[in-house]
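> give the three-dimensional model of this entry:
(chains A, B, C and D)
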Protein chains: 2
Amino acid sequence: MAHGGKPRPMKGIRQLAEHLDISIGTVSRALNGKPDVNEETRKRVLAAAEQLGYVANQSGRSLRQGTTNVIGLMIQSSRETVENSDNFFLTVTGGLQSVFSRHNLDLIMLPCPHDEDPYEYLKRMVARRIVDALILSETQRVDKRFDMLAKAKIPFAALGRSLSGVQHPWADLDFDGVANCAVDRLVAHGHRRIAISTPASDINLGFVFVEGYRRALERHGIPYDPALVIRAKSSEQGGYQVADELLGLKDRPTAVILIYELMAIGFYRRVMEAGIIPGRDVAVVGFREAPRAKFLQPTLTCFRTSLHDLGVELAEILLSSMPAYNHIYPNTKRQRTWPLELVPGESDAFHLTTGK
Amino acid sequence: MAHGGKPRPMKGIRQLAEHLDISIGTVSRALNGKPDVNEETRKRVLAAAEQLGYVANQSGRSLRQGTTNVIGLMIQSSRETVENSDNFFLTVTGGLQSVFSRHNLDLIMLPCPHDEDPYEYLKRMVARRIVDALILSETQRVDKRFDMLAKAKIPFAALGRSLSGVQHPWADLDFDGVANCAVDRLVAHGHRRIAISTPASDINLGFVFVEGYRRALERHGIPYDPALVIRAKSSEQGGYQVADELLGLKDRPTAVILIYELMAIGFYRRVMEAGIIPGRDVAVVGFREAPRAKFLQPTLTCFRTSLHDLGVELAEILLSSMPAYNHIYPNTKRQRTWPLELVPGESDAFHLTTGK
DNA sequence: CTGAAAGCGCTTACAG
DNA sequence: CTGAAAGCGCTTACAG
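As a prediction, the model looks like this:
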């Protein structure tokens, strides 16, 4: 009898069922692809839902099913991150979504406000049950968040290793390998005083990076000099500051390894102000290849990687640790260092003459 | 009698109520700050909740209240956006949150996957009732999303004007004003052939920008030449391309206005390759001041603004259009062009000699 | 294959 | 000031 009424705004499954003159249970089963539904009925239901724009209310589903079908990507937009996370997240996000969408999981980003403690923020989000699982970024050396999520039994994966919860699933850029490769390359060009930059914060990648550098030096029999480890913000400004500090050192290094791509821009600027030319007077190795660093002159030696594919990997790692999806990604390695490939440029393409 | 049990993982308001030996209704009222609760009781409840880490399940609340207390910021991470949205969103987000947090509203970002139609994506998010209200970005010249949200009675505000739904609430950078100011300045320096860049897409800001430019030219009695409107991606590469196209024009312009800050980097690079020096041979006016553009030499004439404050404004505009918050922001202007302030640099600081 | 009913975790009139 | 109960919109055993 409800037939023929003009499509009013859809209020819920009840209206849809009335419109079709069948029970809400059947509507639900049809919509959710349950097998025990007459194909004829299913078609009618799907057509009506489409026509009336019905989509199940998520709160209702979540409450009943205990699952939201939403994955959260937590972002700590600290002042420093805001300056340098340029598109990093949006690119990784693309990779994550390409996997999640296969399972009708939606990705949302959870930006932790500057003035809120990330741990408390996360706790709140978890308690509210807004998401089924989480991807964490900005992994700290010791990161309480992992232990909390483990205890709360919320599946998660981290962008970055940590000393905490040593068995937690993660994917991470191969900072270690980059530092290694950079040192090898510089040493081969005759350098022995090699500086390196690292973030000022407790973010773990800095430790991994410097540790790789230290071991590489050791391999070459070069003593590790803490004075050559420069703490700076990961930004153009930070690069400027690194150059500034290096210029002030008495036994000035002949090479520098930067941990963040845009630092090279500030670094170039500062040394050039001092009449020092990268690739001639000082060797520079950047980190990740960035579109804007491409415009540097001389071209920057750096490392190429696909952040999109890193996102894919991270998504699969997460799903493999979720009971509901584990069977689909059974053989996924739960901890994965993500490789970067050297892109040689002109910025370190000279041999250090011993007389210098 | 439930007293003294060791704190098991909190499962819901029922456990909390049992633990306290009072009814769930009272627990709820205490937690939500309702006035008709004994202060003693409220204290006990809050203490227990804190201790046991209880936070109300959002699905339960949403279902009952019909409101999620979540605001969504939709981001269309098109390939182009990913390249250039560097931190723009994260900065605006900070401003948005500073307002929303006053009302216990959480902001989440909804990144529309590359391969999904933004309109369909939004429709789905709306139907699922994941958020109470939305902030839209990447406003198109004609943007169906506005009409859909209006029809669905979902409160929203847009970052950017549009021709659609002319009365919709928005905040937008003053592209008009920037184009105007840039033209005035360049004309005052003797320029008459002034080029301008605009995005290749249908995003409305490009139209607003070019329209402001056209009117400014008109004011100065300079004919509008469509050949001087260069469509390019908003990125370093796009800037490179703009320079390339300008170099190829027969009656070469003496000045250019760029719509996106990072374009200047590519532009500089390309003209310098041709032996042309910005600020001497060609005048360049950039758009928004960016940390990385600060390292350009000669320094770029551009415009300064606070994206954080723009976020604050946008949040207030949104809240003023939400029935539940309207009374708190009664006098908020619902449509707001956001000013930018000229930062003079060296890139256009020369007078064009008529003989050139 | 379908319908009727229970129940997910909350909030909120309604009694008392 | 507190408790008992209804009901938000769904999904899913359970009957038939």
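> state the mean pLDDT of stretch A:269-279.
Stretch A:269-279 shows a mean pLDDT of 94.
> list the buried residues for that stretch?
A:269-272, A:276, A:278-279 (16 or more other CB atoms under 10 Å in any protein chain shown). For glycine as for every other residue, the C-beta is placed from the backbone atoms N, C-alpha and C.
> these also near chain B: which ones?
For chain B, the contacts drawn from the buried residues of stretch A:269-279 by CB under 8 Å from any CB of the partner chain are residue A:269.
> same list (the buried residues of stretch A:269-279) but as a markdown table, adding distance to residue A:175 and secondary structure.
What follows is the buried residues of stretch A:269-279, written out as a markdown table (distance: CB to CB, whole Å; DSSP: H, G, I helix; E, B strand; the rest coil):
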| residue | distance to residue A:175 | secondary structure |
| --- | --- | --- |
| A:269 | 25 | helix |
| A:270 | 24 | helix |
| A:271 | 24 | helix |
| A:272 | 28 | helix |
| A:276 | 27 | coil |
| A:278 | 22 | strand |
| A:279 | 24 | coil |
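> from the buried residues of stretch A:269-279, which is closest to DNA strand D?
residue A:269 (56.8 Å; CB to the nearest atom of the strand).
> so what's that closest one up against?
With contacts defined as CB atoms under 8 Å, 6 or more residues apart in numbering or on different chains, the neighbours of residue A:269 are A:236, A:239-240, A:243, B:295, B:297.
> say whether DNA strand C is contacted by whichever helix or strand residue A:123 is part of.
Assigning secondary structure by DSSP states H and E places residue A:123 in helix A:118-128. No - Helix A:118-128 lies out of reach of DNA strand C by CB under 7 Å from any atom of the strand, never closer than 8.3 Å.
> the residue nearest to residue A:310 when sequence neighbours are not counted: neighbour count?
Spatially, and ignoring its direct neighbours in sequence, residue A:310 is nearest to residue A:338 (4.9 Å; CB to CB, 6 or more residues apart in numbering or on different chains). Residues lying near residue A:338 (other CB atoms under 10 Å in any protein chain shown) number 18.
> quick one, phi psi at residue A:338?
Backbone torsions of residue A:338, given as degrees, to the nearest 10, read phi -100, psi 120.
> mind listing what it touches?
With CB under 8 Å, 6+ apart, residue A:338 has these contacts: A:171-174, A:305, A:309-310, A:313.
> in ChimeraX, select just the buried ones from those.
Only the buried entries of the contacts of residue A:338 go into this ChimeraX selection, using 16+ other CB under 10 Å:
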select /A:171,172,173,174,305,310,313
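> just put the contacts of residue A:338 in a markdown table and tack on pLDDT, distance to DNA strand D and secondary structure.
Rendered in a markdown table, the data for those read as follows (pLDDT from 0 to 100; distance: CB to the nearest atom of the strand, whole Å; DSSP: H, G, I helix; E, B strand; the rest coil):
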| residue | pLDDT | distance to DNA strand D | secondary structure |
| --- | --- | --- | --- |
| A:171 | 95 | 31 | strand |
| A:172 | 95 | 35 | strand |
| A:173 | 95 | 38 | strand |
| A:174 | 96 | 41 | coil |
| A:305 | 93 | 39 | coil |
| A:309 | 95 | 33 | helix |
| A:310 | 96 | 33 | helix |
| A:313 | 95 | 30 | helix |
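> setting aside sequence neighbours, what's the nearest residue to the residue positioned nearest the centre of chain A?
With the centre of chain A defined as its mean C-alpha position, the nearest residue by CA atoms, centre = their mean is residue A:159, 4.9 Å away. Leaving aside its chain neighbours, residue A:159 sits nearest to residue A:137 (4.5 Å; criterion: CB to CB, 6+ apart).
> what count of nearby residues applies to that neighbour?
Residue A:137: 19 neighbours (other CB under 10 Å).
> identify the residues contacting it.
Residue A:137 touches A:73-76, A:89, A:158-160, counting by CB under 8 Å, 6+ apart.
> mind redoing it with 7 Å?
By CB atoms under 7 Å, 6 or more residues apart in numbering or on different chains, residue A:137 lies in contact with A:74-75, A:159-160.
> check the residues you listed and tell me the two furthest apart.
Spanning the widest gap among the contacts of residue A:137 are A:75 and A:160, at 12.9 Å by CB to CB.
> more crowded one of the two?
Under the criterion of other CB under 10 Å, the comparison of residue A:75 against residue A:160 puts residue A:75 first, with 24 against 20.
> how far does the longest helix anywhere in chain A sit from its chain's centre?
Criterion DSSP state H: the longest helix present in chain A is helix A:204-219. On the basis of CA atoms, centre = their mean, to the nearest Å, helix A:204-219 sits 21 Å off its chain's mean C-alpha point.
> same question for the next helix or strand after that helix, mean pLDDT?
As assigned by DSSP H and E, the chain's next helix or strand after helix A:204-219 is strand A:229-231. Taken as a whole, strand A:229-231 has a mean pLDDT of 96.
> tell me where chain A has helices.
Using DSSP H, helices in chain A cover A:13-20, A:24-31, A:39-52, A:58-65, A:79-84, A:88-100, A:118-128, A:144-151, A:175-188, A:204-219, A:236-248, A:263-273, A:307-320.
> can I get stretch A:92-111 in PDB, CA atoms only?
Extracted in PDB, the C-alpha atoms of stretch A:92-111 (Å, rounded to 0.1, in the frame of the first residue of the first chain):
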ATOM      1  CA  VAL A  92      50.400   7.300   1.800                       C
ATOM      2  CA  THR A  93      46.600   7.700   2.200                       C
ATOM      3  CA  GLY A  94      46.100   6.900  -1.400                       C
ATOM      4  CA  GLY A  95      47.900   3.600  -1.000                       C
ATOM      5  CA  LEU A  96      46.000   2.700   2.200                       C
ATOM      6  CA  GLN A  97      42.700   3.400   0.600                       C
ATOM      7  CA  SER A  98      43.400   1.300  -2.500                       C
ATOM      8  CA  VAL A  99      43.600  -1.700  -0.200                       C
ATOM      9  CA  PHE A 100      40.800  -0.800   2.300                       C
ATOM     10  CA  SER A 101      38.300  -0.100  -0.400                       C
ATOM     11  CA  ARG A 102      38.500  -3.700  -1.500                       C
ATOM     12  CA  HIS A 103      36.900  -4.600   1.900                       C
ATOM     13  CA  ASN A 104      34.500  -1.700   2.100                       C
ATOM     14  CA  LEU A 105      36.500  -0.100   4.800                       C
ATOM     15  CA  ASP A 106      36.700   3.600   4.900                       C
ATOM     16  CA  LEU A 107      39.700   5.500   5.900                       C
ATOM     17  CA  ILE A 108      39.400   8.700   8.000                       C
ATOM     18  CA  MET A 109      42.200  10.900   9.200                       C
ATOM     19  CA  LEU A 110      42.300  11.800  12.900                       C
ATOM     20  CA  PRO A 111      44.300  15.000  13.400                       C
END
